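Chemist: give me the fold of what follows.
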Amino acid sequence: MHDGLPTAADELPWTINYVIRKRTELDSYNELPKEKRPPDKLIWYGTAEEIDKWFDKVFKRKGNKGDEESILMIDPKEIE
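Modeler: Residues are numbered from 1 along each chain as shown. Modelled structure (predicted):
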């Protein structure tokens, strides 16, 4: 093989990592009822934000709370 050509080993770790992550994602979607699963086009070509918006709409969630709505519990014993 020519020394200047890239080898398959250069791309293989990224490809395996992608396949494992995508398979895990698909398996988690298959645990949902069929009417609650995202469409194939959204799964393969959508962004994470688009999928989150889709789930918010399907499950009637209000989305993430803003910083002003978060509650942070601090134990007074932990303050120095």
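Chemist: show me what whichever strand or helix holds K57 is packed against.
Modeler: Assigning secondary structure by DSSP states H and E places K57 in helix 48-58. Packed against helix 48-58 by the contact rule (3 or more C-beta pairs under 8 Å, 6 or more residues apart in numbering; DSSP states H and E) you find helix 40-45. Quick note: C-beta positions are derived from backbone N, CA and C, even for glycine.
Chemist: what mean pLDDT does the helix it packs on get?
Modeler: The average pLDDT within helix 40-45 is 92.
Chemist: return it as PDB; C-alpha atoms alone will do.
Modeler: In PDB, the C-alpha atoms belonging to helix 40-45 read as follows (Å, rounded to 0.1, in the frame of the first residue of the first chain):
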ATOM      1  CA  ASP A  40     -37.000   7.900  11.300                       C
ATOM      2  CA  LYS A  41     -36.100  11.100   9.500                       C
ATOM      3  CA  LEU A  42     -35.700  12.900  12.800                       C
ATOM      4  CA  ILE A  43     -33.600  10.000  14.300                       C
ATOM      5  CA  TRP A  44     -31.100   9.900  11.400                       C
ATOM      6  CA  TYR A  45     -31.000  13.500  10.200                       C
END
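Chemist: please renumber the chain so that the first residue is 31 from this point on.
Modeler: Got it, the first residue is 31 from now on, which makes the last one we talked about helix 70-75.
Chemist: which elements pack onto it?
Modeler: The helices and strands touching helix 70-75, judged by 3+ C-beta pairs under 8 Å, 6+ apart, are helix 38-60, helix 78-88.
Chemist: which of those is buried the deepest?
Modeler: helix 78-88 (a mean of 12; mean count of other C-beta atoms under 10 Å).
Chemist: which residues touch it?
Modeler: Residues outside helix 78-88 that contact it (C-beta atoms under 8 Å, 6 or more residues apart in numbering): K66, P68, L72, I73, G76, R91, K92, G93.
Chemist: looking at these, spot the one nearest R53.
Modeler: Comparing these against R53 with C-beta to C-beta places I73 closest, at 11.9 Å.
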